[in-house]
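J.: Please work out how this folds:
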Amino acid sequence: MAKINSCLKCLFVFFNIVFAIIGCLLIFGAVKASVYSLQLSALGAPGLGWMWVFAIGVLGISCLGIYAGISEKELALKIFAGFMAAGMIIMLIFGIVVLVMRNKIRQSFGEASSQVAESFMGDEGFRSFLDQLQEGGQCCGLSSAGDWGDRIPDSCRCRPGLDGFGGFGTFGHSGCRDKPAGSTGPDKIYQQTCGQLLISVSDFLFNIAMGLTFGFAITAFLGLLATLLMIHQVRRHQRAGASNMAMKGY
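T.: Numbers count the residues shown, from 1 in each chain. Just a heads-up that it's a prediction; the model follows:
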């Protein structure tokens, strides 16, 4: 005789299978990203160790949940509930950290954009990166077109007839403007700076990260509630079985 409600059990196992698949996809992504880990580390990005830990953790805990749901063993359910509680707390902490980092990056870049640009523009590798970013991102300069001095590169060239409606912009860039006085290069350049583009992209990525962390926290909370309910049903079944045995013995 089943100890747990069949609908709750099927739903519990189904969601753990979904998260096991997500864990496998995260591991696959970590394998693919490891090819570029050396280049990312050279740019100061964090290593991929955290991604491996998270991916393996999601897969392992999901497999534990599948086993606990199918076997209906109280000990396995208790262990899974403990992981859900710990995961909920960790995801909440990560979400708060991501939120603080987003605000700090936005504030620091907004307050010291010219100083940041001056320090970065001295690096030839960054100048090459910015030149490529301008062409694809439809922007000019890090904080302003003046970051390039009196020689504006051709990647800043803006074509109102093709990229915008009369220079008022389209989806992708904010329009065109005249080049700074006394500088050489294209007459019309992109009005949007690459710093604004990078802030927009970082905000987008941080918002995705916050959505994932808080989403996982809510999911862990719901998983914890479902597990506690299943433990209660298992205990009730055990008490009922013990009562029946006692009555038979009597």
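J.: list the contacts for Leu197?
T.: By CB atoms under 8 Å, 6 or more residues apart in numbering, Leu197 lies in contact with 133, 137, 139. (C-beta placed from N, C-alpha, C; glycine too.)
J.: so where do the helices sit in the chain?
T.: For the chain, the helices defined by DSSP state H occupy 6-33, 37-42, 49-71, 74-111, 113-120, 124-137, 160-163, 194-249.
J.: Tell me which of the ones you listed sits most buried.
T.: Greatest average neighbour count among the helices of the chain goes to helix 49-71 (a mean of 17), per mean count of other CB atoms under 10 Å.
J.: Can you check what angle separates it from helix 74-111?
T.: What separates the directions of helix 49-71 and helix 74-111 is an angle of 150 degrees, with axes from the mean of the first three to the mean of the last three CA atoms, to 10 degrees.
J.: follow-up on the earlier one: turn the helices of the chain into CSV, including mean pLDDT and distance to Ala181.
T.: Below are those laid out as CSV (pLDDT from 0 to 100; distance: least, CB to CB, whole Å):
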stretch, mean pLDDT, distance to Ala181
helix 6-33, 88, 45
helix 37-42, 51, 38
helix 49-71, 88, 48
helix 74-111, 85, 26
helix 113-120, 69, 18
helix 124-137, 83, 20
helix 160-163, 54, 20
helix 194-249, 82, 21
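J.: Now render the ones you listed as JSON lines, adding distance to Trp148.
T.: Listed next are the helices of the chain as JSON lines, based on distance: least, CB to CB, whole Å:
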{"stretch": "helix 6-33", "distance to Trp148": "33"}
{"stretch": "helix 37-42", "distance to Trp148": "25"}
{"stretch": "helix 49-71", "distance to Trp148": "36"}
{"stretch": "helix 74-111", "distance to Trp148": "19"}
{"stretch": "helix 113-120", "distance to Trp148": "10"}
{"stretch": "helix 124-137", "distance to Trp148": "8"}
{"stretch": "helix 160-163", "distance to Trp148": "20"}
{"stretch": "helix 194-249", "distance to Trp148": "11"}
